[in-house]
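Participant: Sequence isn't available, so here's the structure alone:
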């Protein structure tokens, strides 16, 4: 059973920063690729960032490239999303996800196996 719990969401003004954290309850966390997604009401969930099991490879959506950074701590079974220069359009519920397939994080159509409950991020102008 894999459990993912996000934290760190909140309200911030445009230009500000937040750091999201995802704590994983899983035996072999270091074998999972991890990702962050976000969703706003009425829209489909969208990919934000991903990191390989080793942390050597990362991938970002164009909309957050240069502003967000994903990282992981395999010892403490956590993944982070540092969000800088936040914009109102970053407002969403952010979800942490884990993939156990072993596929590359840029594999087309990669589907994640486990999801957290989400944390709200609100950016005001």
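Facilitator: Arrived safely. Nothing here was measured: the structure is a model prediction, and the numbers come from that model.
Participant: Grab the nearest non-local neighbour of the residue nearest the centre of the chain.
Facilitator: Nearest residue to the geometric centre of the chain (C-alpha atoms, centre = their mean): residue 36, 2.0 Å. With sequence-adjacent residues excluded and distances taken as C-beta to C-beta, 6 or more residues apart in numbering, residue 36 is closest to residue 48, at 4.3 Å. For the C-beta atoms, the positions are set from N, CA and C on the backbone; glycine is no exception.
Participant: does residue 18 have beta-bridge partners, and which?
Facilitator: residue 83 (DSSP bridges).
Participant: try the one 4 residues further on
Facilitator: The partner list for residue 22 in beta bridges (DSSP bridges) reads residue 6, residue 79.
Participant: Let me know how buried it is, in neighbour terms.
Facilitator: If you count neighbours by other C-beta atoms under 10 Å, residue 22 ends up with 25.
Participant: Mind telling me what element the nearest residue to residue 106 once chain neighbours are set aside is part of?
Facilitator: Among residues not flanking residue 106 along the chain, residue 59 sits closest, at 5.6 Å (C-beta to C-beta, 6+ apart). Using DSSP states H and E, residue 59 sits within strand 58-60.
Participant: same for that strand, what does it pack against?
Facilitator: Applying 3 or more C-beta pairs under 8 Å, 6 or more residues apart in numbering; DSSP states H and E, one finds that strand 58-60 makes contact with strand 46-51, strand 68-73.
Participant: Buried residues, the first one. List them.
Facilitator: Applying a neighbour-count criterion of 16 or more other C-beta atoms under 10 Å, one finds 47, 48, 49, 50, 51 buried in strand 46-51.
Participant: what does stretch 25-42 give?
Facilitator: By neighbour count on 16+ other C-beta under 10 Å, the buried set for stretch 25-42 is 26, 29, 32, 33, 34, 35, 36, 37, 38.
Participant: pretty sure residue 53 contacts residue 28?
Facilitator: No. With contact defined as C-beta atoms under 8 Å, residue 53 does not count as touching residue 28 (9.3 Å).
Participant: Point out where this structure drops to low pLDDT.
Facilitator: Residues of the chain meeting the criterion pLDDT under 70: none.
Participant: could you pull out the strands for this protein?
Facilitator: For the chain, the strands defined by DSSP state E cover 3-7, 10-13, 18-25, 33-39, 46-51, 58-60, 68-73, 78-83, 92-99, 114-115, 119-124.
Participant: Great, nothing more from me.
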